[in-house]
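A.B. asks: fold the following, please.
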Amino acid sequence: MCGLTGIYASQSSAAELPRRVEAMNAALAHRGPDDAGLWHEGDIALGHRRLSIIDLSSAGHQPMHSADGRYVLVFNGEIYNYRALRAELGEYPYRSQTDSEVLLAAYARWGVHCLSRLQGMFAIAVWDRARQSLFIARDRLGIKPLYYHQNAAGLAFASEIRALLKSGLIEPRLCQSALVDYLRYQTVHTPDTILEGVKMLPPGHYMVAARGQSADIKPYWSLLRPMTPVTRSREEWKREILRAFSAAVEKRLVADVPFGAFLSGGIDSSAVVALMAASGAKVNTFNVSFAEEAYSEARYARVIARKFKTEHHEIHLSPREFLALIPEALRSMDHPSGDGPNTYVVSKATKAAGISMALSGLGGDELFAGYAIFARAARLERWRGLNALPRRARSAAARLIGAVPTIAAQKVGDILAEEHVSALSAYPHNRQIFTDRQVTELLAIPSAENVVTQRMQRWKEDAAFDDLPLLGKISVAEMSTYMQDVLLRDTDQMSMAHALEVRVPFLDHELVELVLQIPDAIKFPHSPKQLLVESLDGLLPREVVHRRKMGFTLPFREWMRGELRQFCAERLAALGARPWFRAEAVSRLWQELLSDNRSVYWSRPWVLVVLEDWLQRNQVM
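C.D. replies: As a prediction, the model looks like this:
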């Protein structure tokens, strides 16, 4: 796990490249404390910061050259099947035991087609000295980030936006359409970012750039893939899930450094720990615990740690100690997000314990219908009889319900107002932080098309999407929006702030492809993630399986009205003074929270506080 940077520029600015890329590299020092490298030739410069996980020797130094000198690689991530690929590639004059060099040899042999053979998480850049072309690519599920900026002067790319800003090639200006997206969903959806002109390479895509040609971006994998219908019994599906999930966990245990696992005590992280232990690995587990019972899941984590004999580490924090870490977490935020401090805290403690790699249960809810949104989708499909009502009647009901001053009521009203009420038409409303009405009230700029709605429309026209069961469709929506652009982005930026690599076995692409196609009648969770639990064949204790789902709950509302009051007030006042916002609407939202209006959930003003804090830190106009 590392950080990469690069600029492919016009000849007129080539002399500046080493200095610019050196500055970009310095901005990624936290991602790779073990080594730094820079290579420059003509109008290309590549930079790298290394966090050593496989082959800790200096032979893993990057930028790395192929044996014949033709290709130069920088790479962030892990290739889990590198040993099998190395055997398949046969004779090659390797100089290291790294997965990076196997990746370089694979690209030299197969070119872009190597991507279909890779199992892992990655962002890659390869310069072809013979063809004078640049190849960059990102893993299938978007676990590792890759940002870029392209203009007439050339192409700059990096693992973080902050590194791109240090190139001196970008004027940090806010993208207004992205601002609307951020208010709706507490993030900006790929390929856009909060900054004008800064893009994110989509998951499962690659780019080729050559002199005199526009950069060409193409997909090599998609969640929406033609399926060959498979008929299996429930028992057969369970055996297939256990086989695929066990393989996914085992692949991710390859490392030359001490490793562990995040253990919340929920089903997903417990399942990962169970299979780590079953593989024979010595497991270190990490749990953030609070003395206050209302906020702590520690007792469930202890149950799992005892059962699987892990070396368990409880990170004891009072809410006030957590509160003190929030400014640190915000300083580590590469892209504004309404989430993330929890990952920052557990990553900080895990790294402090001498661990450089940890497995996470991220993705289990999205794959196995763990969120309430899946059950709501199934109910909505049963309520499709609403469409028999005249739309005028539904619109009138929508106005009445939407007039109730709560987010939930406004969302129900927006769903009823849709031309056709269904689980899919409702999905874009379900994940919104601010409703469209609230966005209009807050902003002094025109609104923009709903990005998630646009995606749903495109997916509906795709035969591969149409072939999926309903729960599979919702999984695709969750994994392509909330998971990719909130959870994975936050996990990367908050863990790599401490040079900690996080691996996510639930996002093994072979497991994902398998689970998406399972029929609803088999997958529907009559108890929490029932199919996953049953597939583990009794590995998880009942008290963990049937516990109430908590999530990571902290008294943010009280903090914002108390200890964080001045911090929030200053940033909300500054945000309201910006030309894009209506100051009175921002102030009204803040005053409603301060007056303890329970219809105002703390996360709404918090996403605005985070945004202003990020804009100030990065001097965005």
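A.B. asks: could you use CA atoms for every contact and neighbour count after this?
C.D. replies: OK.
A.B. asks: where does the chain have its least confident helix or strand?
C.D. replies: Every helix and strand of the chain was ranked by mean pLDDT, DSSP states H and E. The lowest is helix 391-402, at a mean of 71.
A.B. asks: how far out from the middle of the chain is that one?
C.D. replies: Relative to its chain's centre, helix 391-402 lies at 36 Å (C-alpha atoms, centre = their mean, to the nearest Å).
A.B. asks: kindly export that helix (C-alpha atoms) in PDB.
C.D. replies: The C-alpha trace of helix 391-402 is given here as PDB (Å, rounded to 0.1, in the frame of the first residue of the first chain):
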ATOM      1  CA  ARG A 391     -51.000  10.600 -10.400                       C
ATOM      2  CA  ARG A 392     -52.900  13.700  -9.400                       C
ATOM      3  CA  ALA A 393     -54.100  11.900  -6.300                       C
ATOM      4  CA  ARG A 394     -50.600  10.700  -5.500                       C
ATOM      5  CA  SER A 395     -49.200  14.200  -6.000                       C
ATOM      6  CA  ALA A 396     -51.800  15.700  -3.600                       C
ATOM      7  CA  ALA A 397     -50.900  13.100  -1.000                       C
ATOM      8  CA  ALA A 398     -47.200  13.800  -1.600                       C
ATOM      9  CA  ARG A 399     -47.700  17.500  -0.900                       C
ATOM     10  CA  LEU A 400     -49.600  16.800   2.300                       C
ATOM     11  CA  ILE A 401     -47.000  14.300   3.600                       C
ATOM     12  CA  GLY A 402     -44.100  16.500   2.400                       C
END
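A.B. asks: numbering from 34 from now on, please.
C.D. replies: In the new numbering, first residue 34, that becomes helix 424-435.
A.B. asks: show me where the stretch 134-283 of the chain has strands.
C.D. replies: When secondary structure is read from DSSP state E, counting those that start in this stretch, the stretch 134-283 of the chain shows strands at 153-161, 166-171, 180-184, 187-191, 231-233, 238-243, 249-252.
A.B. asks: per-residue confidence at the residue lying closest to Leu174 once chain neighbours are set aside?
C.D. replies: Distance criterion C-alpha to C-alpha, 6 or more residues apart in numbering; nearest residue to Leu174, sequence neighbours excluded, is Pro236 at 5.5 Å. We have a pLDDT of 98 for Pro236.
A.B. asks: returning to that earlier point: out of the strands of the stretch 134-283 of the chain, which is closest to Gly313?
C.D. replies: strand 153-161 (21.5 Å; C-alpha to C-alpha).
A.B. asks: state the number of residues packed around the spatially closest residue to Phe467 that is not a sequence neighbour.
C.D. replies: Distances taken as C-alpha to C-alpha, 6+ apart put Arg217 closest to Phe467, at 5.0 Å, once the chain neighbours are dropped. Using other C-alpha atoms under 10 Å, Arg217 has 24 neighbouring residues.
A.B. asks: Asn630 too?
C.D. replies: Residues near Asn630, counting by other C-alpha under 10 Å: 11.
A.B. asks: ok, now how distant is it from Arg594?
C.D. replies: Separation of Asn630 from Arg594 (C-alpha to C-alpha, to the nearest Å): 12 Å.
A.B. asks: low-confidence ranges in the chain?
C.D. replies: For the chain, residues meeting the criterion pLDDT under 70 lie at 34, 43-46, 324-328, 418-419, 421, 428, 431, 435-437, 582-586.
A.B. asks: what's the domain layout of it?
C.D. replies: Here the domain assignment for the chain is 35-252, 267-401+513-578, 405-509, 589-650, based on automatic domain parsing.
A.B. asks: ends of stretch 336-353, what's the gap?
C.D. replies: Distance between the two ends of stretch 336-353: 26 Å, counting by C-alpha to C-alpha.
A.B. asks: quick one: buried residues of that stretch?
C.D. replies: By neighbour count on 16 or more other C-alpha atoms under 10 Å, the buried set for stretch 336-353 is 336-338, 341-343, 345-350, 352.
A.B. asks: chain center to it, what's the gap?
C.D. replies: Here the centre of stretch 336-353 is set off from its chain's centre by 25 Å, with C-alpha atoms, centre = their mean.
A.B. asks: out of the strands of the stretch 134-283 of the chain, nearest to Lys271?
C.D. replies: Nearest to Lys271, of the strands of the stretch 134-283 of the chain and by C-alpha to C-alpha, is strand 153-161 at 23.9 Å.
A.B. asks: re earlier: so for Ser620, which of the strands of the stretch 134-283 of the chain sits nearest?
C.D. replies: Among those, strand 231-233 comes nearest to Ser620, with 30.3 Å by C-alpha to C-alpha.
A.B. asks: counting by contacts, list what that closest one packs against.
C.D. replies: Secondary-structure packing of strand 231-233 (3 or more C-alpha pairs under 8 Å, 6 or more residues apart in numbering; DSSP states H and E): strand 180-184.
A.B. asks: mind listing what's buried along the strand it packs on?
C.D. replies: 180-183.
A.B. asks: stretch 496-503 now?
C.D. replies: Those buried within stretch 496-503 under the rule 16+ other C-alpha under 10 Å are 498, 500-503.
A.B. asks: where's it relative to the chain centroid, distance-wise?
C.D. replies: 24 Å.
A.B. asks: and if you look at stretch 345-355?
C.D. replies: That offset, for stretch 345-355, works out to 24 Å (C-alpha atoms, centre = their mean).
A.B. asks: same check, this time on stretch 319-338
C.D. replies: On the basis of C-alpha atoms, centre = their mean, stretch 319-338 sits 25 Å off its chain's mean C-alpha point.
A.B. asks: once you drop chain neighbours, what's closest to Leu198?
C.D. replies: Of all residues not flanking Leu198 in the chain, Pro205 sits nearest, at 7.2 Å (C-alpha to C-alpha, 6+ apart).
A.B. asks: just Ala156 next, same as before
C.D. replies: That would be Arg171: by C-alpha to C-alpha, 6+ apart, it lies 4.6 Å from Ala156.
A.B. asks: on that earlier part again, how about the residue nearest to Phe467, what does it touch?
C.D. replies: 465-469, 472 (C-alpha atoms under 8 Å, 6 or more residues apart in numbering).
A.B. asks: from Arg604, how far out is the nearest residue to Met489 once chain neighbours are set aside?
C.D. replies: Using C-alpha to C-alpha, 6+ apart and skipping the chain neighbours, the partner closest in space to Met489 is Leu457 (7.1 Å). Counting by C-alpha to C-alpha, the gap from Leu457 to Arg604 is 36 Å.
A.B. asks: next one: Arg173
C.D. replies: To Arg604, Arg173 is 37 Å away according to C-alpha to C-alpha.
A.B. asks: what does Ser166 give?
C.D. replies: 44 Å.
A.B. asks: these two: who's more crowded?
C.D. replies: Each of Ser166 and Arg604 has its neighbours counted (other C-alpha under 10 Å); Arg604 has more, 18 against 15.
A.B. asks: over to that one: give its phi and psi.
C.D. replies: For Arg604, the backbone dihedrals (degrees, to the nearest 10) come out as phi -70, psi -40.
A.B. asks: and it, what does it touch?
C.D. replies: 642, 645-646.
A.B. asks: if you set the cut-off to 10 Å instead, what comes out?
C.D. replies: Contact analysis of Arg604 by C-alpha atoms under 10 Å, 6 or more residues apart in numbering lists 610, 641-646, 649.
A.B. asks: Phe355 now?
C.D. replies: 321, 323, 349, 374-375, 378, 587.
A.B. asks: of these, closest to Ala426?
C.D. replies: Taking those together and measuring to Ala426 by C-alpha to C-alpha, the closest member is Leu587, at 41.7 Å.
A.B. asks: what's the separation between the closest one and Val484?
C.D. replies: Leu587 sits 30 Å away from Val484, taking C-alpha to C-alpha as the criterion.
A.B. asks: also Ala532?
C.D. replies: Ala532 is 33 Å from Val484, by C-alpha to C-alpha.
A.B. asks: neighbour count winner among those two?
C.D. replies: Neighbours were counted for Ala532 and for Val484 using other C-alpha under 10 Å; Ala532 has more, 27 against 19.
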